[in-house]
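[1] Curious how this folds, go ahead:
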Amino acid sequence: PRSRRSSFPEYQFILLDSNLKAQGSGPMLWIFNKLTGKKSKHTSSKKKHTQKESMAMSSFTRISAETSGSSNHHFFFRSSSTLKTKLNMPPVLMKILPVSREKFEEQGSLSMQKCLDGVVEDALNRFRDRYVQWVSSK
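    Numbering: from 1, shown residues only. Okay, here's the model as predicted:
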């Protein structure tokens, strides 16, 4: 689709599915497996939950180029994203957390933001380079 503010194309990305992979110490992997619903060898079949039931993640990202001011020769990139993560945590894990649920959610959000900032910057730089190629070819 075209951006409403310019004649440049707009790109939209939707996260349809994701895979999680964890590495670390045994206790941390146990917590990760409990949080994400990954099955362990010692879990009874009645209590097994699929990862889809225990965790859901979705995202929507929109990237566009817009002209800057009155000049059509200068433009900037606008990027907006929404990322949602839902964890269904077993009550036993909520009891052993060293922080409140609110603090846990806040720390998790900040951690995800920090991780994404670096990845997104690299992706936007590659996007900019391809966009400049596209504009130059017109």
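[2] So Glu10 belongs to a strand, correct?
    Yes - counting by DSSP: H, G, I helix; E, B strand; the rest coil, Glu10 is part of a strand.
[3] Which pLDDT value belongs to it?
    At Glu10, the model reports a pLDDT of 85.
[4] same deal with His74?
    The per-residue pLDDT reported for His74 equals 77.
[5] Which positions in the host helix or strand of it come out as buried?
    In the assignment (DSSP states H and E), His74 maps to strand 71-87. Buried residues in strand 71-87, defined by neighbour count with 16 or more other Cβ atoms under 10 Å: Phe75. The way it works is simple: take the backbone N, C-alpha and C, and place the C-beta from them, glycine included.
[6] quick one: contacts of the next helix or strand after that strand?
    Elements were assigned by DSSP H and E; along the chain past strand 71-87, the next helix or strand is helix 91-96. Applying Cβ atoms under 8 Å, 6 or more residues apart in numbering, the contact partners of helix 91-96 are Ile31, Lys34, Leu35, Arg101.
[7] Return the subset of those residues lying in helices.
    Those of these mapping onto helices are Ile31, Lys34, Leu35, Arg101, per DSSP state H.
[8] list the contacts for Leu29?
    Residues near Leu29 by Cβ under 8 Å, 6+ apart: Ala22, Gln23.
[9] Apologies, that question was intended for Leu124.
    Contacts for Leu124 (Cβ under 8 Å, 6+ apart) come out as Ile63, Phe77, Ser79.
[10] From the ones in helices among the contacts of helix 91-96, which one has the minimum pLDDT?
    Confidence-wise, Leu35 trails the rest of the ones in helices among the contacts of helix 91-96, at 70.
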